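Participant: requesting a structural model of the entry that follows:
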Amino acid sequence: MSDRFEGKVVIVTGAAGGIGRATCARFAADGAKVVAVDLAGSDLDETVAAVSNAGGECIAVEADVTQESDVANYVAQALSAYGRVDAFFNNAGIEGVRSALTDLDEADFDRVIAVNLKGVWLGMKHVAPAMQQSGGGAIVNTASIAGLSPTPGIIAYGASKHAVVGMTKSAAQELAPNIRVNAVCPGPIETRMMRSLERQFDPDNPEAVHDAFAAANPMGRYGEPEEVASLVTWLCSDDSIYINGAMHTIDGGGNRGR
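Facilitator: Numbering: from 1, shown residues only. The predicted structure is shown next:
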């Protein structure tokens, strides 16, 4: 598509998922070398293929983003393979279990917070020093419209994404001026995560849940992973050089919480 990331290296976590895979491919199409990170190591093969099809170069690293040693390792692998880190899409996340807060199991709550919040913090902790060594760069965290509005029924997920919003704002001030930190806040996107939530809302008729969510959106549909990828790569590019500490909704105008 362009050469705006020529000579640049990007790390993407959650790279085996829909948004992560689409973003890896978009970075590659724009000239970046990609380090694709995910817990689901076998699924990374499809991401590597997507990067190759986009004309790019990629290494895959299996990692649990809740484990500091794994996070340090994916940064070390990026530096070993490519010598620098210029952009970081801090994207790994899980939806958790749909439940009333009084019924939610403690282990389920802890798992969502560990992946969606601790994993984001650990990523920034270890990527930022490597990025500084390369002269700076851009970090994009994945929050959600659930981080901007109430989330009954998925309280752990909403809490984690509200926290990502706050952490993004703090990191943006702490790491400036050499590193910019922003967040994307997607609404419903055509991904595995939304299929899971639809089934949790109505196991017998998840398609009806999908149709209802889509109909309630001003655009009349879910977003596509490639649309989120376009926003993420723009935020990592010099086209957004003065944007820092901002939350960018990508939800078709459907967020009623702002």
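Participant: any idea how far residue 155 is from the nearest residue in space to residue 51 that is not next to it in sequence?
Facilitator: With sequence-adjacent residues excluded and distances taken as C-beta to C-beta, 6 or more residues apart in numbering, residue 51 is closest to residue 58, at 3.9 Å. Quick note: C-beta positions are derived from backbone N, CA and C, even for glycine. Note on residue 58: its distance to residue 155, by C-beta to C-beta, to the nearest Å, is 36 Å.
Participant: name the residue in these two with the higher neighbour count.
Facilitator: residue 58 (25 against 20; other C-beta atoms under 10 Å).
Participant: OK, contacts around that one?
Facilitator: 24, 28, 33, 34, 35, 36, 47, 48, 51, 52 (C-beta atoms under 8 Å, 6 or more residues apart in numbering).
Participant: now for the last one: which residues touch it?
Facilitator: Counting by C-beta under 8 Å, 6+ apart, residue 52 makes contact with residue 58.
Participant: secondary structure element for it?
Facilitator: helix 44-53 (DSSP states H and E).
Participant: hey, C-alpha coordinates of the least confident helix or strand in the chain by mean pLDDT in PDB?
Facilitator: The weakest-scoring helix or strand in the chain, judged by mean pLDDT, DSSP states H and E, is helix 192-201 (a mean of 83). The C-alpha coordinates for helix 192-201 follow below in PDB (Å, rounded to 0.1, in the frame of the first residue of the first chain):
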ATOM      1  CA  ARG A 192     -14.100 -14.500  17.400                       C
ATOM      2  CA  MET A 193     -14.500 -12.400  20.600                       C
ATOM      3  CA  MET A 194     -17.900 -11.100  19.400                       C
ATOM      4  CA  ARG A 195     -19.000 -14.600  18.300                       C
ATOM      5  CA  SER A 196     -18.200 -15.700  21.900                       C
ATOM      6  CA  LEU A 197     -20.200 -12.900  23.400                       C
ATOM      7  CA  GLU A 198     -23.100 -13.500  21.100                       C
ATOM      8  CA  ARG A 199     -23.300 -17.100  22.200                       C
ATOM      9  CA  GLN A 200     -23.100 -16.100  25.800                       C
ATOM     10  CA  PHE A 201     -26.000 -13.700  25.400                       C
END
